[in-house]
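> Coordinates for the following, if possible.
(one chain, ligands or ions: 1)
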Amino acid sequence: MSVKKIAILFSGSGTNLENLLEKLHLKEFGKIKIEVSATICNNPNAKGIQRSQKYGIEPTIIDHKEYKTREEFDAKLLDEIRKSGAELTVLAGFMRFLTPVFTKNIKAINLHPSLLPLFKGGHAIEDSFKSNMKVGGITVHYVNEELDGGTIIAQKCFEKTDNMSMKKYEKNIHKLEYELLPEVVISLLTK
Ligand code: GAR
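Numbers count the residues shown, from 1 in each chain. As a prediction, this is how the structure comes out:
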């Protein structure tokens, strides 16, 4: 049995973080066992901190406001991820731009709440809801230096009906996120 370590980065509510911990942490998949060896957060007030503690993992807080440049912040992230021994880093609601200091050194995937390349950026749910598209969806992609621009690994979508409320739309997005992100992590680690 080989243990595959992952790091999870988050910034806020942390429901995807919790979903990953629930479904993957110390669970076996064929010949591998997944261990979440670090959870890292840039926001000292994030709700996700308690979610991580619930699973016995004390998150490392790296407050971006304490760093003069993005590169210095990224170097600290890099350091923590390397120390954790994680071979894959998962951005689950991590709301920071990353520089090549991070992207050139870390194998990372990101969850984004739209069908990329449409609706990049921090307002993807609202922007895609307001658009005239008849489907909504989500993407998991590799992280590179272009915001939400790395190679797409997997996507899922649902039908956006005419009378669908924003609340229902958002709920559908999160439901798909909770299915797809763990599936992708397992598939990358068992390849
Ligand atoms: C998720 O919907 C995720 O797709 C989105 O933030 C939310 C985090 O929720 N990420 C982005 O918008 C990245 N550009 P959570 O903190 O409850 O997991």
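
> From now on I want contacts and neighbour counts done on CA atoms only, so please keep to that.
OK.

> wait, does stretch 116-128 contact the ligand?
Yes. Using CA under 6 Å from any ligand atom, stretch 116-128 reaches the ligand at G121, G122.

> got the end-to-end distance for that stretch?
11 Å (CA to CA, to the nearest Å).

> Let's verify N110: helix, strand, or coil?
Local secondary structure at N110 is given as strand here, using DSSP: H, G, I helix; E, B strand; the rest coil.

> Wait, it touches I138, no?
No. Taking CA atoms under 8 Å as the definition, N110 is not a contact partner of I138, at 10.7 Å.

> In terms of packing, which of the two has more residues around it?
I138 (25 against 22; other CA atoms under 10 Å).

> how about the helix or strand harbouring that one: buried residues?
Using DSSP states H and E, I138 falls within strand 135-142. In terms of neighbour count (16 or more other CA atoms under 10 Å), strand 135-142 has its buried residues at V135, G136, G137, I138, T139, V140, H141, Y142.

> hey, what's the second one bridged with?
When bridges are called by DSSP bridges, G136 pairs up with F158.

> quick one: it from L98, how far?
From G136 over to L98 (counting by CA to CA), the distance is 26 Å.

> and the angle from the top helix by length along the chain to strand 108-112?
The longest helix of the chain (DSSP state H) is helix 166-190. Angle between the axes of helix 166-190 and strand 108-112 is 160 degrees (criterion: axes from the mean of the first three to the mean of the last three CA atoms, to 10 degrees).

> pLDDT on helix 166-190, on average?
Helix 166-190 shows a mean pLDDT of 98.

> which bits of this protein sit near the ligand?
12-17, 92-93, 95, 111-113, 121-122.

> cutoff 5 Å now
Residues of the chain lying near the ligand by CA under 5 Å from any ligand atom: G12, S13, G14, T15, N16, G93, L111, H112, P113.

> element containing the residue lying closest to the first one once chain neighbours are set aside?
Excluding its sequence neighbours, the residue lying closest to G12 (CA to CA, 6 or more residues apart in numbering) is A46, at 4.5 Å. Assigning secondary structure by DSSP H and E places A46 outside every helix and strand.

> Please apply the same query to the one 5 residues further on.
For R51, the host element (DSSP H and E) is helix 48-54.

> List the buried residues in stretch 107-121.
Within stretch 107-121, the residues that count as buried by 16+ other CA under 10 Å are A108, I109, N110, L111, H112, P113, S114, L115, L116, F119, K120.

> Kindly apply the preceding question to stretch 90-108 instead.
Applying 16+ other CA under 10 Å to stretch 90-108 flags 90-95, 98-99, 101-103, 106, 108 as buried.

> shouldn't T151 be in contact with E145?
No. At 11.4 Å, T151 and E145 do not qualify as touching, with contact defined as CA under 8 Å.

> how about the residue most central in space within the chain, phi and psi?
The centroid of the chain falls nearest to A92 when counting by CA atoms, centre = their mean (2.0 Å). With angles defined as degrees, to the nearest 10, A92 sits at phi -120, psi 90.
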